[in-house]
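K.L.:
structure of the sequence below:
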Amino acid sequence: MLNYLWGVIIIVGIVVAAFMGTLGDLGSSALESSKEAVMLCITMLGVMSLWTGLMNIAKESGMIAGLTKLLKPVLKFLFPDIPRNHIVNEYISSNMIANMLGLGWAATPLGLKAMKELKELNRNKSVASCDMCTFLIVNISSLQLIPINIIAFRSQYGSVNPAGIVLTALIATAISTAAGVVFSVVARKVSGNRG
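P.N.:
A predicted model of the protein is given here:
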């Protein structure tokens, strides 16, 4: 459906540009935007390579396992039905850590692994469990201590203070995460379904 929507938008844009006599400007803008998109991708590739590598080093050094132990009370509160030593705890905590560092791209594979394990633990395979829903809510709200991606975008586009967004991002994501956690806890109690 989105492919059709984008196709219609592009066709309408070309028709309007031809009608207005600005087809040349449209072509120039398309080429300039393509160049800018490639440069942004190269910048983000470098940033993501650095942080994904650091996450792998943290995992190999045992740092992720240590942080998982620190997050155990939080994980037990949010996901009371997950067995204590299940691998999904490591995936969820790694996902949360990556999100806290603003590394949504690095968090995605970990989130997919966590969701796969949560599905295996789910008794009713046709309906998402409370733990699956809670994980999705926490992942989407994504508390960010250091919004690396936004800082990289701001730097790429010439911001005088690329890190000036840190406090605002922290406040906004803390509020969204708190709201998500409250909703999840209340929904779990109301549904009476702990599985």
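K.L.:
from here on, just use CA atoms for contacts and neighbour counts.
P.N.:
Noted.
K.L.:
show me the helices in this protein, by range?
P.N.:
2-20, 23-60, 63-78, 87-100, 104-121, 130-141, 148-156, 166-191 (DSSP state H).
K.L.:
looking at the ones you listed, which is buried most?
P.N.:
Highest mean neighbour count among these (mean count of other Cα atoms under 10 Å): helix 87-100, with a mean of 23.
K.L.:
that one vs helix 23-60, what angle?
P.N.:
Calculated by axes from the mean of the first three to the mean of the last three Cα atoms, to 10 degrees, helix 87-100 forms an angle of 130 degrees with helix 23-60.
K.L.:
what's helix 87-100 packed up against?
P.N.:
Helix 87-100 is packed against helix 63-78, helix 104-121, helix 130-141, with contacts defined by 3 or more Cα pairs under 8 Å, 6 or more residues apart in numbering; DSSP states H and E.
K.L.:
go again using 10 Å as the cut-off
P.N.:
In terms of contacts (3 or more Cα pairs under 10 Å, 6 or more residues apart in numbering; DSSP states H and E), helix 87-100 is packed against helix 23-60, helix 63-78, helix 104-121, helix 130-141.
K.L.:
which strands and helices sit next to the first one?
P.N.:
The one in question is helix 23-60. Under the contact definition 3+ Cα pairs under 10 Å, 6+ apart, helix 23-60 sits against helix 2-20, helix 63-78, helix 87-100, helix 104-121, helix 148-156.
K.L.:
which one of those helices has the lowest average pLDDT?
P.N.:
When those are ranked by mean pLDDT, helix 148-156 comes last with a mean of 80.
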